[in-house]
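Peer 1: This is a predicted model, with the sequence first.
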Amino acid sequence: MKAKNWVAYYQQNRVNRSEPEWCAARTEEAERAKELARSLSHFQLGETGGGSFLFKNVDPKDPEAESYGEALRLFVEEEKEHARLLAEVTCRLGGHLIRRHWTHGLFRVVRKLLGLHFEIQVLVIAELVGTAYYRKVEEGTCDLPLKQVCGLLLKDEAFHVRFHQEKLAEQYGRMMPVLRQLWLLSFQILFYGALSAAWLDHGRCLKSLGTDRATFWREAEGECVNFLDGMEILAGKQKRLTGWQYVELAG
Ligand SMILES: [Fe+2]
Ligand SMILES: [Fe+2]
């Protein structure tokens, strides 16, 4: 990966960010606003966190360790900005912020199990599911600032996924095919676990916005398929050419 490019991207993305129109009239009806506030407060909690475990696990022998560490720091800062936006919109909808929730606790435990590569894998899965969620909330809500918050988050999350994808592809590209298959299997098991937990927690809110379970799953599965396809492409790009391939290309 080109960690320096990511540092430049995150630095650039901090400037000239638009702010949602918080003064816009409230248009969500009371019951739906309540559901949204509850659901968004859980996502708000998920976007907080200092990233200390991430930083601790950066390999100091990695020639890009310094730039990658800085890119990670800026990534965590951007997630904190998401937490700020979600806090504002939660309060706007009449909800209150929470400090703990079982989905957040489960996520923290799982992601710390097996080191940096695994933690990023779990983070990416949360971002893929989150992307499907923010897209459905953006489509379903009639509250202008909430739509704008979702738009801002979706734009950033697409780059977060790509950032982590490049890191994961470094290792994935070096795996033997059998290990790749096992990695893909474990990724998809975790993905469906996260998706089920998300539906359990946010299904009621999404239903109130007109999204049923099948639609939400299709949306998230689409994100997952795109991500895994992208891994293959990135891993293919970094593959070293073997002797006979050089001969073929030369011919
Ligand atoms: Fe985020
Ligand atoms: Fe993110």
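Peer 2: Thanks, I have it. Ligands and ions are numbered 1, 2, ... in the order given.

Peer 1: Let's verify the residue in the stretch 51-200 of the chain that ligand 2 sits nearest to: helix, strand, or coil?
Peer 2: Among the residues of the stretch 51-200 of the chain, His160 lies closest to ligand 2, at 3.6 Å counting by Cβ to the ion. Bear in mind the C-beta positions are built from the backbone N, C-alpha and C, glycine included. Three states are possible here, and by DSSP: H, G, I helix; E, B strand; the rest coil the one that applies to His160 is helix.

Peer 1: where's the nearest residue to it once chain neighbours are set aside, which helix or strand?
Peer 2: Residue nearest to His160 in three dimensions, not counting chain neighbours: Glu127, with 5.4 Å by Cβ to Cβ, 6 or more residues apart in numbering. For Glu127, the element it lies in under DSSP states H and E is helix 115-140.

Peer 1: Same check on Phe163?
Peer 2: helix 144-172.

Peer 1: what distance separates that helix from the centre of its chain?
Peer 2: With Cα atoms, centre = their mean, to the nearest Å as the basis, the distance from the averaged C-alpha position of helix 144-172 to the chain average is 6 Å.

Peer 1: shift numbering so it begins at 623
Peer 2: That works, and once the first residue is 623, the last one we named lands at helix 766-794.

Peer 1: could you check the angle helix 737-762 makes with it?
Peer 2: Calculated by axes from the mean of the first three to the mean of the last three Cα atoms, to 10 degrees, helix 766-794 forms an angle of 150 degrees with helix 737-762.

Peer 1: Check which helices and strands helix 766-794 sits against.
Peer 2: Packing contacts for helix 766-794, counted by 3 or more Cβ pairs under 8 Å, 6 or more residues apart in numbering; DSSP states H and E, involve helix 625-635, helix 687-714, helix 737-762, helix 835-859.
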